[in-house]
Structures are given as C-alpha cells and as structure tokens.
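Participant: quick check, what structure comes out for this input:
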Amino acid sequence: MNATKENATTDRAQIRVARLSEAYWRISFDNPPLNLMGPQFVRECREIIAAVEADEKVRVLVFESAVEGFFLNHSDFIADMKDLMSMPQGPTGLEAWPDILVRLTHAPVVSIALIRGRATGNGSEIALACDMSFASREKALLSQWEVGVGLVAGGGPMARLPRQMGRQKALEVLLSSNDIGGDLAEAYGYVNKSLPDAELDSFVDALARRIASFDKWAIANTKRLVNAASLPPEVEIAAGWDACMASITRPAAQSKIKALFERGFHKPGDAENRLGSYLGQLSD
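Facilitator: Residues are numbered from 1 along each chain as shown. Next up is the predicted model:
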C-alpha cells in the first residue's frame with residue numbers, strides 16, 4: 001500500500017487514505033465486516049505513519065471507519081499471532097503496534113479520531129493515541145474489553161487513561177470491560193466531545209480544515225510542548241505490551257476466549273454488537 005498517493009488503495013487494503021489536500025488526510029479503516037485488527041492492518045498502518053512522518057506538508061489526519069457499526073475493533077484472534085509478534089520493532093524500540101501508537105502521538109501533525117461505531121481494544125487505543133477524539137452520541141461505543149476475558153491490554157491504555165480521565169475512572173473503564181456510549185465517554189474525558197450523529201462529520205471536517213489552514217511549525221511545536229507535559233514514558237507502554245503478550249497464553253484467558261467464540265464472538269451479530277454485556281455473562 002502506497003500511502004503517499006491520493007486515495008491510495010490496493011485490492012486487499014484494509015486502510016484507505018484520501019488526501020483531501022496537501023495538509024489534510026482522511027484515513028479510513030476498511031476491514032469488513034467487523035474491522036478487526038490483524039497483522040495486515042498493522043503493516044498497512046505502519047506504512048501510513050511512515051508516510052506521514054516523511055511528508056512536510058500534511059498537518060491534520062482524521063481517522064474514521066468505512067465499516068458500518070465498527071470504528072476499529074479488537075484483535076483478530078483467528079489470524080496467526082506469530083505474524084504480528086515476528087514484525088521487527090519500530091523506530092521507538094517498541095513492538096509494532098505500540099510503536100505505531102507512540103509515533104502517532106509524537107508526529108508533528110494533529111490526529112483526530114472520528115468515532116462512529118465500536119472502538120474496542122485497538123480502536124480505543126488508537127483513539128487515545130490521537131490528539132483529539134469526537135464520538136457519535138447515538139452510535140459510538142468505546143471499551144477496553146481485555147480484562148473481561150483474562151487479558152491485559154497491549155496498546156498502552158493503562159498508561160494513557162489515568163492521565164486523561166483520572167485513576168478511578170480509568171480503573172472503572174479497564175476493569176469493568178464494559179461498553180461506554182458517547183455521552184458517558186465525554187463526561188469521563190474518554191473523548192473530547194459527543195455529538196449528534198448527524199452533526200459529527202461536519203463538525204470534525206470543519207475543525208480539521210481550520211487547523212490544516214494554520215502554520216505547521218506552530219502546530220508541531222505546540223503539540224511537542226503539550227506532549228512533554230502530558231504523555232506517559234514509553235517504558236510504561238512497553239510494560240503493557242509485555243503483560244499483554246504474557247496474558248494471551250494463560251489457560252484462564254484461553255478458556256474465556258473459547259467460551260466467547262461459542263457465543264458468536266468474531267462473527268457479525270449480537271456477541272460483537274453487545275460485547276460488554278456478553279463479557280459479563282462469562283463464568284469462571
């Protein structure tokens with residue numbers, strides 16, 4: 001996938017890049033039917049981040065979904081995890097997925113998550129790595145679902161959420177593994193703002209175009225100084241990834257994931273649409 005070309009796609013691409021202008025790119029997650037994150041998605045995402053870092057004119061990225069009902073979902077548990085774990089570490093020294101998230105946070109551009117549908121696990125993590133996020137009041141669902149199946153999240157939410165919403169709310173989000181709608185996400189500080197679905201696109205587009213019209217040097221240096229005052233150290237991100245990898249092979253986690261598959265996990269339907277509710281029904 002060549003992310004440097006306008007509306008760049010390939011026949012098998014899971015992410016589409018549209019350069020609306022030199023300064024303003026829209027990045028659409030497009031892996032139907034559930035927008036799961038597997039090794040191919042990570043490879044494509046890494047190429048896009050590299051293209052952003054190399055481009056001197058881009059100033060604003062908007063991340064959105066092309067899949068109805070799902071912004072970006074949890075990992076693909078049918079894919080071969082060795083394909084992900086064998087990817088080389090990125091420039092930050094972190095493994096592939098946390099490296100992407102940290103580079104996005106540090107990139108000298110403004111990243112905005114437009115959340116319509118489910119942002120679970122990886123979707124929540126990329127929204128937290130963005131500089132701003134805006135959610136559909138009627139259609140957004142955010143969650144860190146991992147504890148509900150005996151896992152530890154791998155993309156840094158334990159490091160980011162307490163700084164963003166406070167320790168107690170962060171623990172509620174992480175340990176309840178529950179689905180959080182747009183309005184509650186705004187109240188908790190999970191997102192910047194929850195808007196009526198009919199107003200979400202125009203609001204985000206207007207904001208993106210406004211920022212994209214400003215001077216990149218001023219944008220980049222303002223973001224750099226805010227980052228210095230607010231971001232977790234990368235050692236915390238690395239520790240979360242290590243704990244995630246250790247958690248996947250635990251018998252308790254494997255048992256709960258199997259039980260979830262038996263209830264329709266990984267297929268279009270109620271288990272994916274109401275994942276938080278289903279996690280609460282899993283017994284030890």
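
Participant: burial count for residue 82?
Facilitator: 9 (other Cβ atoms under 10 Å). For every residue, glycine as well, the C-beta is placed using N, CA and C.

Participant: quick one: contacts of the one helix or strand it maps to?
Facilitator: Using DSSP states H and E, residue 82 falls within helix 81-85. Here helix 81-85 makes contact (Cβ atoms under 8 Å, 6 or more residues apart in numbering) with 38-39, 42, 95-97, 245, 248.

Participant: pull out the buried positions in the helix or strand of the chain with the lowest mean pLDDT.
Facilitator: Lowest by mean pLDDT, DSSP states H and E among the helices and strands of the chain is helix 81-85, with a mean of 84. Residues of helix 81-85 classed as buried by neighbour count (16 or more other Cβ atoms under 10 Å): residue 84.

Participant: isn't residue 45 right up against residue 13?
Facilitator: No: contact criterion Cβ atoms under 8 Å: residue 45 and residue 13 do not qualify, at 11.1 Å.

Participant: between these two, who's got more neighbours?
Facilitator: residue 45 (26 against 18).

Participant: what ranges do the helices span in this structure?
Facilitator: Per DSSP state H, the chain carries helices over the ranges 39-54, 81-85, 96-106, 122-129, 157-165, 167-176, 182-188, 197-212, 216-230, 234-248, 251-262, 270-273, 275-279.

Participant: what residues are up against the residue positioned nearest the centre of the chain?
Facilitator: Centrality entry for the chain: nearest residue to the mean C-alpha point is residue 126, 2.3 Å, by Cα atoms, centre = their mean. Taking Cβ under 8 Å, 6+ apart, we find residue 126 in contact with 63, 72, 101, 104, 113, 119, 155.

Participant: and the residues you listed, which of them are in strands?
Facilitator: 63, 72, 113, 119 (DSSP state E).

Participant: what's the closest of those to residue 18?
Facilitator: residue 63 (11.8 Å; Cβ to Cβ).

Participant: quick one: contacts for the closest one?
Facilitator: Counted by Cβ under 8 Å, 6+ apart, residue 63 has contacts 27, 29, 111-114, 126-127, 130.

Participant: need those in TSV with distance to residue 277 and pLDDT, can you?
Facilitator: Formatted as TSV, the contacts of residue 63 follow (distance: Cβ to Cβ, whole Å; pLDDT from 0 to 100):
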residue	distance to residue 277	pLDDT
27	30	98
29	24	98
111	31	98
112	29	99
113	24	99
114	25	99
126	24	98
127	21	98
130	27	98
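
Participant: which of these has the most neighbours?
Facilitator: Neighbour tally across the contacts of residue 63 (other Cβ under 10 Å): the maximum, 30 neighbours, falls on residue 113.

Participant: quick one on the thing from earlier: most packed of the helices of the chain?
Facilitator: For the helices of the chain, the largest average neighbour count (mean count of other Cβ atoms under 10 Å) is found in helix 122-129, namely a mean of 27.

Participant: could you give the angle of that one to helix 234-248?
Facilitator: On the basis of axes from the mean of the first three to the mean of the last three Cα atoms, to 10 degrees, helix 122-129 is oriented at 170 degrees to helix 234-248.
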